[in-house]
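S.K.: Below are the sequence and a predicted model; questions follow.
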Amino acid sequence: MEIRSTTDEDLDVFVDTVHAAFGLFPGTPVDGGGQWWSAVEMDRCLLALAEDGRPVGTAAAYAFDLTLPGGALVPVSGVSSVGVLPSHRRQGVLSALMRRQLDDLRGRGEFLAVLLASEAPIYGRFGYGPATHTSRLTVPRHKAALAVPRAGAGADSGSVEVLRRDVCGEILEEVYDRYRRAQPGALSRPHRWWKLRAGQPPISSAPRYIAVHRDADGVPDGYASYSVESGTLTVDETITTDDAVFTALARFVLGHDLVSQVVFKHVPPGHPLRWQFADFRAGEVSGDTDWLWVRLLDVPGALTARGWSMDGELVLDVEDAFLGEGGRYLLTVRDGEADCVPTDRAPDLSLDVSDLGSVYLGGTAPSTLVRAGHIRAHRPAAVMLADALFRTERAPHCLHWF
């Protein structure tokens with residue numbers, strides 16, 4: 001078997017192979033998305049070839065920026081289109097693709113990789129850990145009333161305008177870009193994705209209405225992308241970092257006439273929307289699921305790139321079984337910045353690189369993985385310190401599909 005990089009001339013073969021791996025056809029819509037392969041970066045793709053030269057497996061990677069706790073924007077590879085033909089599964093093709101891809105990403109100088117896992121059991125063994133979560137909130141229209149804030153919050157001074165998706169592309173791109181720079185766990189959406197309509201709504205060409213919120217000066221500072229079908233209004237995404245703007249957009253869609261229920265597809269963990277209903281049970285949470293999985297390729301590089309909210313020291317003994325590596329590191333945090341160096345000191349925590357990926361963005365507390373039996377704590381105080389160090393003021397959230 002041969003694993004090789006692809007060129008632009010391989011696009012048709014690559015697309016045909018990944019579709020065959022998933023039992024699809026190139027004309028098959030992917031969950032309402034457009035022609036996602038139009039944004040494929042062929043210089044970042046891999047093909048696995050059988051001995052007779054036939055393509056039997058694929059892997060791709062997109063160039064994104066990831067927003068880390070503390071606000072740093074770092075380059076990251078978004079791994080996608082990973083597939084193996086049914087005739088060649090369980091023959092080592094996937095492992096070979098993953099190992100080659102990680103080697104290539106390191107060769108580019110990258111210290112993080114991310115992906116959306118089609119099946120949860122697959123990617124943990126390659127060092128990826130679930131790092132962000134999202135959920136669906138369904139609200140019956142007759143229970144959609146919002147309560148009057150007891151804290152006496154002022155009325156929203158902005159306005160909401162309804163536009164069609166095909167006339168407000170620039171607004172969507174600009175608002176999303178401001179949002180992702182302030183939201184830990186968010187990925188950039190390169191201009192070419194918007195231009196090519198490659199991805200899920202509202203990026204794709206699928207018809208959508210856009211509720212655009214403007215501030216008192218008329219500047220767009222948030223939007224909600226939605227559609228109405230069979231009495232259900234479905235919100236693809238609500239984009240803003242301002243809670244008051246989110247509430248204004250939620251109030252708008254919840255007040256839409258001639259619908260029986262409103263479905264918010266992506267609600268961040270711990271979001272206050274449920275608490276804002278006059279009936280606390282109005283919103284039914286479902287589809288609570290992992291979204292972005294994180295893989296560290298350079299432990300010191302990754303830990304020193306993000307911001308930290310308190311001071312402290314931890315010795316982390318990290319095992320990377322898939323790459324046959326391991327290391328013990330002293331993490332020292334002072335004034336929001338970290339230093340991470342190899343050490344021979346006794347470890348405070350022993351963990352797999354996938355566990356480190358899960359806690360890296362602050363979406364999962366180290367103590368949760370200690371209680372689950374994944375992380376080994378060598379002293380009880382280290383668990384409390386690790387929770388405090390990795391905790392973030394704003395929960396990480398990602399809703400970009402790739």
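M.R.: Good, I have the coordinates. Numbers count the residues shown, from 1 in each chain.

S.K.: Helices of the stretch 301-402 of the chain, start to end?
M.R.: For the stretch 301-402 of the chain, the helices identified by DSSP state H, counting those that start in this stretch occupy 353-360, 366-371, 380-390, in order along the chain.

S.K.: mind putting those helices in a markdown table, mean neighbour count and distance to Ala198 included?
M.R.: C-beta here means a position set from N, CA and C on the backbone, and glycine is covered the same way. Written out in a markdown table, the entries for those read as follows (neighbours: other CB atoms under 10 Å; distance: least, CB to CB, whole Å):
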| stretch | mean neighbour count | distance to Ala198 |
| --- | --- | --- |
| helix 353-360 | 26 | 26 |
| helix 366-371 | 19 | 35 |
| helix 380-390 | 17 | 34 |
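
S.K.: got a list of what the residue nearest to Arg165 when sequence neighbours are not counted touches?
M.R.: Leaving aside its chain neighbours, Arg165 sits nearest to Arg208 (4.2 Å; criterion: CB to CB, 6 or more residues apart in numbering). Counting by CB atoms under 8 Å, 6 or more residues apart in numbering, Arg208 makes contact with 164-165, 201-202, 225-227, 236.

S.K.: Give the buried subset of these as a PyMOL selection command.
M.R.: The PyMOL command for the buried members of the contacts of Arg208 (criterion: 16 or more other CB atoms under 10 Å) is given here:
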select buried, resi 165+201+202+225+226+227+236
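
S.K.: Need the contacts of Arg208 in JSON lines (columns: distance to Gly127 and secondary structure).
M.R.: Compiled in JSON lines, those are given as follows (distance: CB to CB, whole Å; DSSP: H, G, I helix; E, B strand; the rest coil):
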{"residue": "Arg164", "distance to Gly127": "43", "secondary structure": "strand"}
{"residue": "Arg165", "distance to Gly127": "38", "secondary structure": "helix"}
{"residue": "Pro201", "distance to Gly127": "32", "secondary structure": "coil"}
{"residue": "Pro202", "distance to Gly127": "33", "secondary structure": "coil"}
{"residue": "Ser225", "distance to Gly127": "34", "secondary structure": "strand"}
{"residue": "Tyr226", "distance to Gly127": "37", "secondary structure": "strand"}
{"residue": "Ser227", "distance to Gly127": "38", "secondary structure": "strand"}
{"residue": "Asp236", "distance to Gly127": "31", "secondary structure": "strand"}
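
S.K.: Need the max-distance pair from the contacts of Arg208.
M.R.: In the contacts of Arg208, two members sit farther apart than any others by CB to CB. They are Arg164 and Asp236, at 14.2 Å.

S.K.: For burial, what's the neighbour tally of the nearest residue to Ala131 once chain neighbours are set aside?
M.R.: Nearest residue to Ala131 in three dimensions, chain neighbours excluded: Val294, at 4.1 Å (CB to CB, 6+ apart). Applying other CB atoms under 10 Å, we find 28 residues neighbouring Val294.

S.K.: so which strand or helix has Val294?
M.R.: Assigned by DSSP states H and E, Val294 falls within strand 292-296.

S.K.: Counting by contacts, list what that strand packs against.
M.R.: The elements that strand 292-296 packs onto, with contact taken as 3 or more CB pairs under 8 Å, 6 or more residues apart in numbering; DSSP states H and E, are strand 112-116, strand 129-130, helix 353-360.

S.K.: Could I get the ones you listed in TSV, plus columns for distance to Pro396 and mean pLDDT?
M.R.: Supplementary listing: the helices and strands packed on strand 292-296 in TSV, determined by distance: least, CB to CB, whole Å; pLDDT from 0 to 100:
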stretch	distance to Pro396	mean pLDDT
strand 112-116	11	98
strand 129-130	11	98
helix 353-360	9	98
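
S.K.: and of the ones you listed, who's closest to Ile375?
M.R.: That would be, of the helices and strands packed on strand 292-296 and by CB to CB, helix 353-360, which comes in at 5.4 Å.

S.K.: Just the angle for that closest one relative to helix 380-390, thanks.
M.R.: Here helix 353-360 points in a direction 60 degrees away from that of helix 380-390 (axes from the mean of the first three to the mean of the last three CA atoms, to 10 degrees).

S.K.: ok so, going back, go through the strand holding Val294 and flag the buried ones.
M.R.: Those would be 292-296, for strand 292-296 by 16+ other CB under 10 Å.

S.K.: angle of that strand against helix 353-360?
M.R.: Interaxial angle of strand 292-296 relative to helix 353-360 (the same axes, to 10 degrees): 120 degrees.

S.K.: Look at the most far-flung residue of the chain relative to its centre and give its secondary structure.
M.R.: When distances to the mean C-alpha position of the chain are computed (CA atoms, centre = their mean), the maximum falls on Asp52, with 37.7 Å. Following DSSP: H, G, I helix; E, B strand; the rest coil, the label given to Asp52 is coil.
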